[in-house]
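Chemist: no sequence for this one, just the structure:
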């Protein structure tokens, strides 16, 4: 069994996080809007805030990042990115289930937004998320706390 741990991201994680974003999100951004490397790099640099992310480690190896925002009315999964060599090993599932457990304990829904082109939507559906809205590019999904009405 893989030991998964989180640590706060630091400025020193910038190169890894930029690489991770490019390798995990580029195909879906490209399919949605097209990928402009210069624009993406500038945007990433301008919005880089290590305090908002945790680094995911699997057996001590840095493999991804996660960002969950806790609000009074919901938990919002803003980012979860796993390096390709570590995908399909249950890492994202384990971390998302931990957020769902937190949502159950605090009676808060867990929400996220996923690009329509991103097949991760199937994972979210398997974990109990349902579509509650959409934009031109994204599907908004929610999983209500266990034991509560699962409607919108």
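Modeler: Now that the structure is in, tell me what you want to look at. None of the values given here were measured: they were computed from a predicted structure. Numbering: from 1, shown residues only.
Chemist: name the helices or strands packed onto the longest helix belonging to the chain?
Modeler: As assigned by DSSP state H, the longest helix anywhere in the chain is helix 14-32. When contacts are defined as 3 or more C-beta pairs under 8 Å, 6 or more residues apart in numbering; DSSP states H and E, helix 14-32 sits against helix 37-47, strand 61-70, strand 75-82, strand 110-115. All C-beta atoms are positioned from the backbone trio N, CA, C, and that covers glycine.
Chemist: list the helices and strands the last one packs on?
Modeler: Applying 3+ C-beta pairs under 8 Å, 6+ apart, one finds that strand 110-115 contacts helix 14-32, strand 75-82, helix 91-106, helix 120-126, strand 138-143.
Chemist: still on that earlier bit, for the longest helix of the chain, which positions count as buried?
Modeler: Counting neighbours by 16 or more other C-beta atoms under 10 Å, one finds that the buried residues in helix 14-32 are 16-17, 20-21, 24-25, 28-29, 32.
Chemist: wait, residue 21 touches residue 44, no?
Modeler: Yes - at 6.2 Å, residue 21 and residue 44 qualify as touching, with contact defined as C-beta atoms under 8 Å.
Chemist: quick check: residue 96 vs residue 128, distance?
Modeler: Separation of residue 96 from residue 128 (C-beta to C-beta, to the nearest Å) stands at 10 Å.
Chemist: look at these two and report which has more neighbours.
Modeler: residue 96 (24 against 16; other C-beta atoms under 10 Å).
Chemist: OK, contacts around the more buried one?
Modeler: 77, 80, 110, 123-124, 127 (C-beta atoms under 8 Å, 6 or more residues apart in numbering).
Chemist: please repeat the previous calculation with a cut-off of 6 Å.
Modeler: residue 127 (C-beta atoms under 6 Å, 6 or more residues apart in numbering).
Chemist: counting neighbours, what do you get for residue 89?
Modeler: 14.
Chemist: surely it is in a strand?
Modeler: No - with DSSP: H, G, I helix; E, B strand; the rest coil as the criterion, residue 89 is coil rather than part of a strand.
Chemist: quick revisit: closest one of the buried residues of helix 14-32 to residue 90?
Modeler: Residue 90 lies nearest to residue 24 out of the buried residues of helix 14-32, by C-beta to C-beta, at 16.6 Å.
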